[in-house]
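Trainee: my questions concern the predicted model and sequence given below.
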Amino acid sequence: MSDQFLFTTEVFFNGLMAGVLYALVALGFVLIYKASGIFNYAQGVMALFAAMTLVGIMEGQVPFSHIINAMFGTDVHHFGWHVPALLAILLTVGVMVIFAWLVQRVVMRHLVGQEPIILFMATIGLAYFLEGFSDLMWGSEIKKLDVGLPQGGSFWIEDMTAGLGSDNFYGFFIDRLDIVATVIAVLLVAGLVLFAQYTKQGRAMRAVADDHQAALSVGISLNFIWVLVWSVAGFVALVAGIVWGTKSGVQFSLSLIALKALPVLMLGGFTSIPGAIVGGLIIGVGEKLFEFAIGPMVGGATENWFAYVLALLFLVFRPQGLFGEKIIERV
Amino acid sequence: MLDQSDSYVTEDGRTIGGVVMEMKNITLRFGGVVAIKDISFDIREGEIRAIIGPNGAGKSSMLNVISGFYVPQEGTVEFHGKPRPQMRPYEVARQGIARTFQNIALFEGMTVLDNVMTGRLNYMKSGLLRQAFWKGQAEREETANREVVEKVIDFLEIQHIRKTPVARLPYGLKKRVELARALAAEPKLLLLDEPMAGMNVEEKEDMSRFILDVNDEFGTTIALIEHDMGVVMDLSDRVVVMDYGKKIGDGTPDEVRNNQDVIDAYLGVAHD
């Protein structure tokens, strides 16, 4: 096999892995959008908040320590214990459920039946609030997150594939974290699909996504389902936060990955779970291959804009996305 | 007049029981508009009770009051002899009151079978975690609920479209699927909002037959709304007639047919 082909293949694989992460973030958007018609701008910040909370719990950080110290003249920062990763993850899930309940109780409940733009504005407010709140609660410094996921290139894959090309080819470089992330994403999606198809709550969730009035008439509490959906979205945010946080540290820029999810949603359609996944993969592979093939000709850094241009093309030619429900105007 | 708890047997041999639901002096306003003005009537167990009236008479509003979608400003709703506290629609549904909608409200993305299955949601007891970990119980429950659903599907003759996504069905069949979903909940009271609106003669006949059969076979108490008088008179045991938010007649189809106010409301009368 020619080296050129092998390099391209390697780029392709790396693109797939990056795409999985985009898909993870996009998934959180789709869940809430489907069930309540709300485009949740705060999804990225939720990932940040979840990751910060996870680190905070694991490190035994005292929440709001800055405020406490400033008010009482104390000097507390840490409880002095370390919580095992698994337990900390469970506790963080609990925090995300409480968060979901609060969002529903304090914000969304009062906005039922409002225009989509108003709900959207509310989530923007929510995003900024949560961002400040996370800083206040856990401090704004960049944190290292290590829940025990393997990292670094896989030597095994490198060794196994090194013989495929000429002497210039050293084998595929694939980050083990990316492989783990892919496995996690596959499990997560499979779990969500099983949940939606086969459990009582999953059925109720689909019902609410489809028709609110009809859902009420068969005895489904909309409030309960919305709390459930925000909790699930919180859980997805946590998973995305763990993977991204492990990769590049828990820091503010984590909330900006939400912006990368936008083109993914344009591609996949806002209402389709498979769409979010395929969209994520296409963007991931597309931007890596484009950078590899065309990048050098235009001075590189195409990854910054490729996804958005692709999304723009989709908006022009297929506004409902690849898998979105077809937009039919009835007259 | 019959007493509240009296039961009687109809000409065709069905037993009509005591009062299941009683509406007492219901008044419903939207801002300055009075949709329902001081209306009282009752629904007896096992009967088909119709609410009729010209367009805009307040029939749908009345049904929405019964099913909890609207909250009346005055009056009480008594269910099984007890005044009902203010409830949300889903709580009313959980009490055993199922309904259909005038403008069909189905889960368009799901198949017919899934739609009808949602009618059983309140019978599924096992919670989230239990369903995830104790597969056996969840499966037994699913099977039991499926049996009821299949029975309803057979009964309404929609077996051939069980796996079809609802969005693809024609209007008449959608109406039937909606009825199936309501029936799957084995309701104590079934509310039908214009079950025959927009149907052709053949579809209307089918629907009438299903309504009669449901009542006959399962003994379901049915309250329905219609503005087509002809259909209603053949179908119902007792009829409430509304006009401009007021009750202008209440009784058997024959009584109502001969009521001068009702004739005026339907045929129009010269006011001088």
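Mentor: Sure thing, it's come through.

Trainee: low-confidence ranges, the chain, go.
Mentor: Chain wasn't specified; assuming chain A. Chain A contains residues with pLDDT under 70 at A:1, A:165-168, A:324-331.

Trainee: hm, I was asking about chain B
Mentor: Across chain B, the ranges flagged by pLDDT under 70 are B:1-5, B:126-135, B:268-272.

Trainee: beta-bridge partners for the residue nearest the centre of it, please?
Mentor: In chain B, the residue lying closest to the centroid (CA atoms, centre = their mean) is residue B:191, at 1.0 Å. As for beta bridges, residue B:191 partners with residue B:99, residue B:223 under DSSP bridges.

Trainee: gap between it and residue B:154?
Mentor: Separation of residue B:191 from residue B:154 (CB to CB, to the nearest Å) stands at 23 Å. Bear in mind the C-beta positions are built from the backbone N, C-alpha and C, glycine included.

Trainee: next, count neighbours for residue 31.
Mentor: Let's take chain A. Neighbour count of residue A:31, defined by other CB atoms under 10 Å in any protein chain shown: 25.

Trainee: to clarify, I was referring to chain B.
Mentor: Close neighbours of residue B:31, defined as other CB under 10 Å, add up to 5.

Trainee: please apply the same query to the one 10 residues further on.
Mentor: Look at residue B:41: counted by other CB under 10 Å, it has 19 neighbours.

Trainee: and what about it, helix, strand or coil?
Mentor: strand (DSSP: H, G, I helix; E, B strand; the rest coil).

Trainee: hang on, it packs against residue B:241?
Mentor: No - here residue B:41 lies out of contact with residue B:241, judged by CB atoms under 8 Å, at a distance of 10.2 Å.

Trainee: list residues touching both of those two?
Mentor: B:247, B:250 (CB atoms under 8 Å, 6 or more residues apart in numbering or on different chains).

Trainee: in contact with residue 251, which residues are there?
Mentor: Because you didn't say which chain, this covers chain A. Residues in contact with residue A:251 (CB under 8 Å, 6+ apart) are A:142-143.

Trainee: switch to chain B, please.
Mentor: Contact analysis of residue B:251 by CB under 8 Å, 6+ apart lists B:238-239, B:259.

Trainee: give me the phi and psi for it.
Mentor: When quoted as degrees, to the nearest 10, the phi and psi of residue B:251 stand at phi 160, psi -170.

Trainee: any idea how many residues pack against residue A:106?
Mentor: The number of residues packed near residue A:106 is 10, by other CB under 10 Å.

Trainee: do the same with the one 4 residues further on
Mentor: If you count neighbours by other CB under 10 Å, residue A:110 ends up with 9.

Trainee: from chain B, how far off is it?
Mentor: Distance from residue A:110 to chain B, counting by CB to the nearest CB, to the nearest Å: 16 Å.

Trainee: A helix includes that residue, no?
Mentor: Yes - when three-state DSSP is applied, residue A:110 is found to be in a helix.

Trainee: of the contacts of residue B:251 - the most surrounded one?
Mentor: residue B:239 (28 neighbours).

Trainee: now it, what's its secondary structure?
Mentor: Under three-state DSSP, residue B:239 falls in the strand class.

Trainee: is it bridged to anything, and to what?
Mentor: Counting by DSSP bridges, the residues bridging with residue B:239 are residue B:50, residue B:251.

Trainee: what sits against it?
Mentor: Contact partners of residue B:239, counting by CB under 8 Å, 6+ apart, are B:49-52, B:232-233, B:249-253, B:256.

Trainee: could you point out which of the residues you listed is nearest to chain A?
Mentor: Checking the contacts of residue B:239 against chain A with CB to the nearest CB, the nearest one is residue B:51 at 17.8 Å.

Trainee: does the closest one touch residue B:232 like I think?
Mentor: No - checked against CB under 8 Å, the pair residue B:51 and residue B:232 is beyond contact range at 9.0 Å.

Trainee: mutual contacts of those two, please.
Mentor: B:224, B:239.

Trainee: which parts of the stretch 1-150 of chain B are strands?
Mentor: Taking DSSP state E, counting those that start in this stretch to define them, one finds strands in the stretch 1-150 of chain B at B:8-9, B:15-16, B:19-30, B:33-44, B:48-52, B:74-79, B:82-83, B:97-99.

Trainee: wait, which of those strands is closest to residue A:213?
Mentor: Nearest of the strands of the stretch 1-150 of chain B to residue A:213, taken as CB to CB: strand B:97-99 at 9.7 Å.

Trainee: residues contacting stretch A:143-155, please?
Mentor: A:51-52, A:54-55, A:58-59, A:85, A:88-89, A:173-177, A:179-180, A:242-243, A:245-247, A:249-251.

Trainee: ok, and for the helix ranked longest in chain A, which residues are buried?
Mentor: Ranked by residue count and defined by DSSP state H, the top helix of chain A is helix A:3-36. For helix A:3-36, a neighbour-count test (16 or more other CB atoms under 10 Å in any protein chain shown) marks A:6, A:10-11, A:13-36 as buried.

Trainee: could you say what helices and strands that helix packs with?
Mentor: Under the contact criterion of 3 or more CB pairs under 8 Å, 6 or more residues apart in numbering or on different chains; DSSP states H and E, helix A:3-36 touches helix A:43-59, helix A:176-198, helix A:200-210, helix A:222-248, helix A:257-268, helix A:273-293.

Trainee: excluding its backbone neighbours, what's nearest residue B:182?
Mentor: Among residues not flanking residue B:182 along the chain, residue B:98 sits closest, at 3.8 Å (CB to CB, 6 or more residues apart in numbering or on different chains).

Trainee: what's the distance between that neighbour and residue B:192?
Mentor: Using CB to CB, residue B:98 is found at 10 Å from residue B:192.

Trainee: any common contacting residues for these two?
Mentor: residue B:182.

Trainee: which parts of the stretch 51-200 of chain A are helices?
Mentor: Along the stretch 51-200 of chain A, counting by DSSP state H, counting those that start in this stretch, helices occupy A:65-72, A:85-102, A:116-138, A:155-162, A:176-198, A:200-210.

Trainee: now the element after the last one, going C-ward?
Mentor: This means helix A:200-210. helix A:212-217 (DSSP states H and E).
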